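>>> turn this into a structure:
(chains A and B)
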Number of protein chains: 2
Amino acid sequence: MTDLRIAIVGFGKIARDQHVGAIAATAGAALAAVASRNASLSNLPHFATIEELLHKGPPIDAVSLCTPPQVRRAQAAAALAAGKHVMLEKPPGTGVAELDPLIAMAADAKRTLFATWHSRYAPAVEPAREWLATRRIRSVHINWKEDVRVWHPGQAWIWEPGGLGVFDPGINALSILTRILPKSVFVTAAELAFPANRQAPIAANLTLTDIGDTPITAEFDFRQTGPQSWDIVVETDQGRMSLSRGGRVMAVDGKIISEAPDEEYRELYRRFVVLAATGASDVDLAPLRLVADSFLLGERTIVEPFMD
Amino acid sequence: MTDLRIAIVGFGKIARDQHVGAIAATAGAALAAVASRNASLSNLPHFATIEELLHKGPPIDAVSLCTPPQVRRAQAAAALAAGKHVMLEKPPGTGVAELDPLIAMAADAKRTLFATWHSRYAPAVEPAREWLATRRIRSVHINWKEDVRVWHPGQAWIWEPGGLGVFDPGINALSILTRILPKSVFVTAAELAFPANRQAPIAANLTLTDIGDTPITAEFDFRQTGPQSWDIVVETDQGRMSLSRGGRVMAVDGKIISEAPDEEYRELYRRFVVLAATGASDVDLAPLRLVADSFLLGERTIVEPFMD
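Below is the predicted model:
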């Protein structure tokens, strides 16, 4: 089988930190080009826009869209129209409905549309899911707090409409939650704290539940200095399961059950190669839908301005 | 066939203005009880809550939930669990995801869940849909402006989180839009004007499109005094189609093609009777999804406080 020739579109922090290395480490995948307004990678064909890439670039089979969510839909449509497989960074869009025509295009063209949720590929997520499948869940609490200045330096788009603010990391927690719980969940209340000078929330408290009224709460905060937390704690009839460090460590009643190094993005590209082999798609909108519902029914408070 | 015995839950303005008369006018439907904290109807069994209705009330087959959206999901779950068919006023929920477990419950119980969009049953909507099916659409503009003090007196819930504000009428326009256009649409930008003292927008401008980049705009405003407008104008290759007065009048290039009196709620109950005969469900979440996306990706501005 020849390699899946992939072009990265949008060469910002996440592309450099994760995608380049993951493609290099994935059998069956090869990085063939980069499209980015500003950045390039030596030894690789570079184009300013996806249109240039598609019209003048070397032969490619797929694009991996690492641009901000606000511009990704049009890029995905252009790539699918050109017969390319498409991998979308998270979140898959600025709205839920914009995915529908992309899903239809991909199906019609027999091309892969892969809406990725990298945190679902954290090593302890599947062990946690399997462990929970046979327990009675009493409550769930998510504590997802990080310092935006450390993790999102200069990412102005994150504060713009459609940029999600603290839900940009928070949606990672929701992507894990919707994977590990056996029942579908929904938001019943939300408090969203918007800095007076920004269009996206800097903190949020969510209340969720499922058809069985399981109490589920989430605290997201972008103002966390000192220790950072990316933790989910599930109380069950057979003990307390904790998934910490963004899904890398699973423990039950404090005893570590599963711990492994992060290979999230390698797993994503392994899966992309498999999907593209048959043109199958993988688009789960549940995490984005929970965020949209949070904005829809959330109570807004205005908090002090955020200066980058 | 015996009548479908229906209890109205939530006896506010919409129940009194529309539901009671529509049930009375619908063959195969009978109003059997009312559940409402405050209001009742003479000659009918009355209960304070849906729980009382279900436990102590007369035999019923179905409930029609006319309560504010914030409390409807739990009521729908209780009714389905008790084996009743459920009709939901619009919007079907405070969030999109909360419908999933209800849809599953209804399917499991072989009971009807009918998420109504009354404006879709306005008399000129189907003629408009049929006319548009064979035209090339160039643009769409929605103008949906009404005086909240006239149409929603004392409806405090409309300003609370989950109450939708100007999207409460606006979602009627979106329910028509998603019915008459041949392609699915999505929101690309939104401006939401929130009164400084309220949790829901008093006005909104939306930009939408479809996979073919059709320009679609919508203006919603709750501050409209004087003439009210509930109009959709579609420019096509074969003239300008207008749907006005909330879907009651269809005209092409100013010439009226279709005009009929409003029987929206009678049509809803006719359909509910048909659905309940086989326990089939009808839940289209597209309009609510567009509203959720508008909140998710919308730009918020704060405007002067609104005093009822």
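
>>> name the SS class of A:Ser294, please.
With DSSP: H, G, I helix; E, B strand; the rest coil as the basis, A:Ser294 sits in helix.

>>> chain A: helices as residue ranges?
Taking DSSP state H, the helices of chain A run over residues A:13-14, A:20-24, A:50-56, A:69-81, A:99-109, A:125-133, A:148-151, A:167-180, A:264-278, A:286-297.

>>> now the least confident helix or strand in chain A by mean pLDDT: how far from the chain's centre is it?
Lowest by mean pLDDT, DSSP states H and E among the helices and strands of chain A is helix A:13-14, with a mean of 91. Mean-position distance between helix A:13-14 and its chain equals 13 Å (Cα atoms, centre = their mean, to the nearest Å).

>>> check stretch A:298-306 too.
Distance, stretch centre to chain centre, for stretch A:298-306: 24 Å (Cα atoms, centre = their mean).

>>> one more: stretch A:79-95?
Distance, stretch centre to chain centre, for stretch A:79-95: 13 Å (Cα atoms, centre = their mean).

>>> give me the buried positions along that stretch.
A:79-80, A:82, A:84-95 (16 or more other Cβ atoms under 10 Å in any protein chain shown). All C-beta atoms are positioned from the backbone trio N, CA, C, and that covers glycine.

>>> repeat for stretch A:228-236
A:228-232, A:234-236.

>>> quick one: which of the residues you listed sit in strands?
A:229-232, A:234-236 (DSSP state E).

>>> surely A:Gly57 and A:Ala33 touch.
Yes. With contact defined as Cβ atoms under 8 Å, A:Gly57 and A:Ala33 form a contacting pair (5.1 Å).

>>> okay, those two: which has more neighbours?
Per other Cβ atoms under 10 Å in any protein chain shown, whichever of A:Gly57 and A:Ala33 has more neighbours is A:Ala33, with 22 against 18.

>>> returning to that earlier point: filter the buried residues of stretch A:79-95 down to the ones near chain B?
Among these, proximity to chain B is found for A:94-95 (Cβ under 8 Å from any Cβ of the partner chain).

>>> which of the buried residues of stretch A:79-95 sits closest to A:Thr67?
Nearest to A:Thr67 among the buried residues of stretch A:79-95: A:Glu89, at 7.9 Å, using Cβ to Cβ.

>>> contacting residues around that closest one?
The contact partners of A:Glu89, taken as Cβ atoms under 8 Å, 6 or more residues apart in numbering or on different chains, are A:10, A:14, A:64-67, A:69, A:72, A:116.

>>> kindly report the same for A:Gly254.
Contacts of A:Gly254 by Cβ under 8 Å, 6+ apart are A:Arg240.

>>> what sits closest to A:Gly95 if chain neighbours are left out?
Excluding the flanking residues, the one nearest A:Gly95 by Cβ to Cβ, 6 or more residues apart in numbering or on different chains is B:Asp293, at 3.2 Å.

>>> neighbours of the one you found, just the number please.
Residues lying near B:Asp293 (other Cβ under 10 Å) number 29.

>>> thought it was touching A:Val96?
Yes. Assessed by Cβ under 8 Å, B:Asp293 is found in contact with A:Val96 at 5.8 Å.

>>> what sits in contact with each of the two?
Common neighbours of B:Asp293 and A:Val96, using Cβ under 8 Å, 6+ apart, are A:Ala292.

>>> which residues sit in contact with the residue nearest the centre of chain A?
Central residue of chain A (Cα atoms, centre = their mean): A:Lys90, 3.2 Å from the mean position. A:Lys90 sits next to A:115-118, A:171-172, A:175, A:287 when contact means Cβ under 8 Å, 6+ apart.

>>> among the residues you listed, which pair sits farthest apart?
Most distant of the contacts of A:Lys90, by Cβ to Cβ, are A:Ala115 and A:Asn172, 13.6 Å apart.

>>> how about the residues of chain A that lie near chain B?
By Cβ under 8 Å from any Cβ, the part of chain A that sits against chain B consists of A:77, A:94-98, A:100-101, A:104-105, A:161-162, A:183-190, A:194, A:199, A:210-211, A:286, A:289-300.

>>> which of the residues you listed count as buried?
Counted by 16+ other Cβ under 10 Å, the residues of chain A next to chain B give A:77, A:94-98, A:100-101, A:105, A:161-162, A:185-190, A:194, A:199, A:210-211, A:286, A:289-298, A:300 as buried.

>>> end to end, how far does stretch A:192-206 reach?
From its first residue to its last, stretch A:192-206 covers 9 Å (Cα to Cα, to the nearest Å).
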